[in-house]
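Visitor: Structural data only, the sequence is not supplied:
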């Protein structure tokens, strides 16, 4: 069973993603800010991270860049999920190291197929 960490400051979004992912058979944990997310990833590396962009303090772009540039965490795929729907945001997110960029509201099938493509040996 794959472990997924959600980094998002919206309790509603965390609840929606957690319910969807647990129903699909994933083990899910969450934190509500990027700094706590980076600490959690370094302490207990998940198989995949779902990262919001707009958060207080460090934003998701900065956190993704930090993860992708650290050899200890660079292999953890990051899926950015955000309301920022401009093409420039998607390109910037991918340039920071995100493996996928999905806009809210999230399509359940799109999210699950994205995760399956990033974790081919960890999904059922």
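Guide: Perfect, I can see it now. Keep in mind that this is a model prediction, so the values were computed, not measured.
Visitor: Residue 85 versus the residue nearest to the spatial centre of the chain, what's the distance?
Guide: The centroid of the chain falls nearest to residue 50 when counting by CA atoms, centre = their mean (1.4 Å). Per CB to CB, to the nearest Å, residue 50 is found 17 Å from residue 85. To be clear about C-beta, it is placed using only N, CA and C from the backbone, and glycine gets the same treatment.
Visitor: Likewise for residue 36?
Guide: The value you get for residue 36 to residue 85, if CB to CB is used, is 26 Å.
Visitor: Same check on residue 12?
Guide: 19 Å.
Visitor: and the next element down the chain from the longest helix along the chain?
Guide: In the chain, with assignment by DSSP state H, the single longest helix is helix 11-23. From helix 11-23 onward toward the C-terminus, using DSSP states H and E, the following helix or strand is strand 27-31.
Visitor: did I read that right, residue 68 in a helix?
Guide: Yes - applying DSSP: H, G, I helix; E, B strand; the rest coil, one finds residue 68 inside a helix.
Visitor: Name the SS class of the residue nearest to it when sequence neighbours are not counted, please.
Guide: Nearest residue to residue 68, sequence neighbours excluded (CB to CB, 6 or more residues apart in numbering): residue 97, at 2.5 Å. With three-state DSSP as the basis, residue 97 sits in coil.
Visitor: I'd say residue 97 and residue 69 touch.
Guide: Yes - between residue 97 and residue 69 there is a contact at 7.4 Å, judged by CB atoms under 8 Å.
Visitor: Pick out whichever of these two has more residues nearby.
Guide: Of the pair residue 97 and residue 69, residue 97 is the one with more neighbours under other CB atoms under 10 Å, namely 21 against 11.
Visitor: and the more buried one, what does it touch?
Guide: By CB atoms under 8 Å, 6 or more residues apart in numbering, the contact set of residue 97 is 64-65, 67-69, 74, 78.
Visitor: Need the max-distance pair from those residues.
Guide: 69 and 78 (12.1 Å; CB to CB).
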